[in-house]
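J.: Sequence and predicted structure below; questions after.
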Amino acid sequence: MKFAVKIASAVAVLAMLTTPAMAEKTVKWKLAMTWPSTLTPLASPPAKVAKMVKEMSGGTFIIKVEGKEKHKAPLGILDMVKGGQYQMGHSGSYYWKGKDISTIFFTTIPFGMTTAEQYAWFYYDDGMKYMQQVYDRFKVLNYPGGNTGVQMGGWFKKEINSLEDLKGLKMRIPGLAGEVFAKLGVNVTNIPAGELYTSLDRGTIDALEWVGPGMDIKMGFHKVAPYYYTGWHEPASEMQFLVNKRAYKKLSPEHQAILQTAMKAAAADMYYENFAASANAWEQMKTEFPNIKVKTFPLPVLKAMKAATDDLLDSYAAKDEQFKAILESQRKFMKKAREWTIISDYNYIKTSMDVK
């Protein structure tokens, strides 16, 4: 009987040791965001990852999320994660184009893939492979961090009827799209988010792009610039999770799996959240501000934008073998995927509108 009791006690102890709370040493990480903590949905994925990681690990993996109001370095995220000040970061890959031009592909490019097409490229083609190749030089791991879907082309005080209307226009538009507009004669500038409304209102700029109704409504741009143009420049803007390689390797396999799962789930959820927010915001905008005029850039302007985009991409590809390889991968996959997008989504939407 005594032996049986000892065996039973040993089994009980072993069971305790193999529960998540006892088997894993508590890991505490910090995550820095480019965004303020209140700027949803961009700030949503890190908060959701922290919540899921804590719950799935039984409290043995804790991530403290800090917005830019805390660390004061919104465009220093990559350097801080690389240096180990933070184990994780949440930002946008195209912010690092000055460090490596190939980083733009992991956010979005003008006239590029839709969200569904881009996620398929990431997870079921060469996207993740190329993304990690680019970020290996920074000693960080990189993962999709949430998508805005198609971003609107911007708020304009005056209607754009021709290429001449772009010449001399003062506009806030970052990234490769800014380079495209600069080629077309636009005076491109980049202004901090907190100064955008004032700059537009006072005439410092004539136009700007932000995201879409769900985020734009909070900024109030529609009150001073009534022309709202449909998108071309950021068709699938993906945020990013950055993870310090050394810190990741120190995690147990269980914690690594939990983190991977949480990041993928939170990234997908941001797309749903932003879509719902934009649908709700647009309904509010058109009711409260009926003077808003939704426009699409004239075809000659769009063709000039596309030509300028292709020229820029091809010029970078001619100078950078890695850039060229990623560009060819995206173009090849997009050609295949777009045929199915047209057969499925495009034709369904067109058909459903035709039968109304």
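T.: Received, thanks. Residues are numbered from 1 along each chain as shown.
J.: Find the helix or strand that residue 277 is a member of.
T.: Secondary structure from DSSP states H and E places residue 277 in helix 253-288.
J.: what's the offset of that helix from the middle of its chain?
T.: 11 Å (CA atoms, centre = their mean, to the nearest Å).
J.: what's downstream of that helix, the next helix or strand?
T.: By DSSP H and E, the next helix or strand past helix 253-288 is strand 293-295.
J.: Run the chain-centre distance for that following strand.
T.: Distance, centroid of strand 293-295 to centroid of chain: 25 Å (CA atoms, centre = their mean).
J.: Rounded mean pLDDT for that strand, please.
T.: For strand 293-295, the mean pLDDT works out to 97.
J.: ok, now stretch 142-162?
T.: On average, stretch 142-162 scores 98.
J.: Give me the distance between the two termini of that stretch.
T.: 40 Å (CA to CA, to the nearest Å).
J.: circling back to that earlier point, other SSEs contacting the helix holding residue 277?
T.: helix 44-56, strand 61-66, strand 140-147, helix 213-219, strand 238-244 (3 or more CB pairs under 8 Å, 6 or more residues apart in numbering; DSSP states H and E). All C-beta atoms are positioned from the backbone trio N, CA, C, and that covers glycine.
J.: Figure out which of those is closest to residue 171.
T.: Closest approach to residue 171 among those (CB to CB): helix 213-219, 15.1 Å.
J.: Tell me the helix or strand right after the closest one.
T.: strand 227-229.
J.: partners of that following strand, with directions?
T.: strand 154-156 (antiparallel), strand 293-295 (parallel) (DSSP bridges).
J.: Can you tell me which of those strands is nearest to residue 313?
T.: strand 154-156 (21.1 Å).
J.: contacting residues around that closest one?
T.: Strand 154-156 is contacted from outside by 171, 173, 200, 206-210, 216, 221-222, 225, 227-229, using CB atoms under 8 Å, 6 or more residues apart in numbering.
J.: between those, which is nearest residue 164?
T.: Checking the contacts of strand 154-156 one by one against residue 164 (CB to CB), the nearest turns out to be residue 206, at 14.1 Å.
J.: Quick check on that closest one: phi, psi?
T.: phi -100, psi -20 (degrees, to the nearest 10).
J.: Isn't it up against residue 165?
T.: No - using CB atoms under 8 Å as the test, residue 206 is too far from residue 165 to be in contact (10.1 Å).
J.: Name the residues contacting each of the two.
T.: Common neighbours of residue 206 and residue 165 (CB under 8 Å, 6+ apart) are residue 158.
J.: Between these two, which is the more surrounded one?
T.: Taking neighbours as other CB atoms under 10 Å, residue 206 and residue 165 compare with residue 206 leading, 19 against 16.
J.: Please list all residues in contact with the more buried one.
T.: By CB under 8 Å, 6+ apart, the neighbours of residue 206 are 156-158, 169-171.
J.: Of the strands paired with strand 227-229, which stretch is the most buried?
T.: strand 154-156 (a mean of 26; mean count of other CB atoms under 10 Å).
J.: Among the strands paired with strand 227-229, which comes closest to residue 58?
T.: strand 154-156 (46.5 Å).
J.: which other residues reach whichever helix or strand comes after the closest one?
T.: Downstream of strand 154-156, the first helix or strand assigned by DSSP H and E is strand 170-172. Applying CB under 8 Å, 6+ apart, the external contacts of strand 170-172 come out as 154, 181, 186-191, 196, 199, 204-209.
J.: cool, and stretch 315-322?
T.: Contacts of stretch 315-322 (CB under 8 Å, 6+ apart): 101-102, 130, 133-134, 323-324, 327-328.
J.: Any of the residues you listed buried? List them.
T.: Buried members of the contacts of stretch 315-322, counted by 16 or more other CB atoms under 10 Å: 101-102, 130, 134, 323-324, 327.
J.: Please settle this for me: is residue 117 part of a strand?
T.: No - Residue 117: not assigned to a strand; according to DSSP: H, G, I helix; E, B strand; the rest coil it is helix.
J.: residue contacts, it?
T.: Contacts of residue 117 by CB under 8 Å, 6+ apart are 236, 333-334, 337-338, 341.
J.: switch the cut-off to 7 Å
T.: If you count contacts by CB atoms under 7 Å, 6 or more residues apart in numbering, residue 117 has them with 334, 337-338, 341.
J.: again, but for residue 277
T.: 41, 214.
J.: Would you check how far apart it and residue 311 are?
T.: Distance, residue 277 to residue 311, using CB to CB, to the nearest Å: 35 Å.
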